[in-house]
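*Asks:* Here is a sequence together with a model predicted from it:
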Amino acid sequence: MEDTNKVVFAGAGPGDPELITVKAMKALGSADLIIYAGSLVPEAVLCWKGENTKTLSSENMDLAQIINTIQLSFSMGKKVVRLHTGDPALYGAIFEQMRELQALNIPYEVIPGVTAAFAASAKMRMEYTLPEKTQTLILTRISGRTPVPDTEDLDKLAAHRSALAIYLSLGQIGRVQTILETHYGKDSICAVAFKVSHPDEKIIYTRVDGLVKTCEENRITRHALIIAGKSVEASLDPTHILSSKLYDSGFSHGYRTAK
């Protein structure tokens, strides 16, 4: 019979154990070994592991150590889950891990997860795509120790003035504020989403020109994303946003005739 055992890369979601997918939850429950990103994945998410499942944090491991651990467990017929925060495809560094497994002929699959930008929008009761206001969401980060391509420089992306979720950029918050001031305006409203869905989460609204001060006053230096754009302001004052055509009684589409 063909061996169907695969290494599983799974998204842990933003932190709340109940925001993990059912498929990922089942994978954790049947795993022999879970290697989780301990610096970001809260141990609370491990509540779904099996009674005899072993867990190992990768916060002090390099790529070779992670792959060697997976390879050893897999060679023993063990079910291995590599648990990443949020959605593993976004800033999860999974491509290099998958590439190594592929070279070793170790089969794998990926289970998506809820990323912080969407946990934040749910908490804020916000829609990123608003009729005739913004129809684009950009997920990005500012260049720092990890560079970004010149064509994806935050200043160039912010020029679109779309809905914008900025990850992993608290260390460059001064530059972020300057760029947002230039393209969104000093008096526009942005949000700082800190540890969304965790017990100590905070959603803080601030004028763009007060972004640095807000982060300093709340001692936020990591585990937060910055959300900017008309979507944020609309979530606080929805009265000036047009309704969509989708549910407009005067708009026909393939399932409904206009009245």
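*Replies:* Okay, I see it. Numbers count the residues shown, from 1 in each chain.

*Asks:* What ranges does this structure have for its strands?
*Replies:* 7-11, 33-36, 54-57, 80-84, 108-111, 137-141, 163-167, 189-194, 202-207, 224-228 (DSSP state E).

*Asks:* Give me the sheet partners of the second one and which way each runs.
*Replies:* Right, strand 33-36. strand 54-57 (parallel), strand 80-84 (parallel) (DSSP bridges).

*Asks:* Highest mean neighbour count out of the ones you listed?
*Replies:* Mean neighbour count (mean count of other CB atoms under 10 Å) peaks for strand 80-84 among the strands paired with strand 33-36, with a mean of 27. Any C-beta I mention is one placed from the backbone N, CA and C, and that applies to glycine too.

*Asks:* now that strand and strand 7-11, what's the angle there?
*Replies:* With axes from the mean of the first three to the mean of the last three CA atoms, to 10 degrees as the basis, strand 80-84 and strand 7-11 are set at 20 degrees to each other.

*Asks:* average pLDDT across strand 80-84?
*Replies:* Over the span of strand 80-84, the pLDDT mean works out to 97.

*Asks:* where along the protein do the helices fall?
*Replies:* 22-30, 63-75, 94-103, 116-123, 154-158, 173-184, 211-217, 230-236 (DSSP state H).

*Asks:* okay, now the domains of this structure?
*Replies:* Split into domains by automatic domain parsing, the chain comes to 7-111, 116-240.

*Asks:* re the thing from before, can you say which of the strands paired with strand 33-36 is nearest to residue 36?
*Replies:* strand 80-84 (4.0 Å; CB to CB).

*Asks:* Which of the residues in the lowest-mean-pLDDT helix or strand in the chain are classified as buried?
*Replies:* One helix or strand of the chain scores below all others by mean pLDDT, DSSP states H and E: helix 230-236, with a mean of 93. Under the neighbour-count criterion of 16 or more other CB atoms under 10 Å, helix 230-236 has 230-235 buried.

*Asks:* With respect to residue 23, which of those residues is nearest?
*Replies:* Once CB to CB is applied, the member of these that ends up nearest residue 23 is residue 231, at 29.2 Å.

*Asks:* Quick check: buried residues in stretch 114-128?
*Replies:* So, applying 16+ other CB under 10 Å, buried residues of stretch 114-128: 114-121, 124, 126-128.

*Asks:* scratch that, stretch 221-229 is what I was asking about
*Replies:* Buried residues in stretch 221-229, counted by 16+ other CB under 10 Å: 223-229.

*Asks:* How about stretch 198-215?
*Replies:* 201, 203-206, 208, 210-212, 214-215.

*Asks:* biggest separation within those residues, which pair?
*Replies:* Maximum pairwise distance among the buried residues of stretch 198-215 (CB to CB): 21.7 Å, between 201 and 208.

*Asks:* which stretches of this protein have low pLDDT?
*Replies:* Applying pLDDT under 70 to the chain flags the ranges 1-3, 238, 240-259.

*Asks:* need the helices of the chain in JSON lines with distance to residue 110, can you?
*Replies:* As requested, the helices of the chain are exported to JSON lines (distance: least, CB to CB, whole Å):
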{"stretch": "helix 22-30", "distance to residue 110": "10"}
{"stretch": "helix 63-75", "distance to residue 110": "14"}
{"stretch": "helix 94-103", "distance to residue 110": "7"}
{"stretch": "helix 116-123", "distance to residue 110": "18"}
{"stretch": "helix 154-158", "distance to residue 110": "26"}
{"stretch": "helix 173-184", "distance to residue 110": "30"}
{"stretch": "helix 211-217", "distance to residue 110": "33"}
{"stretch": "helix 230-236", "distance to residue 110": "28"}
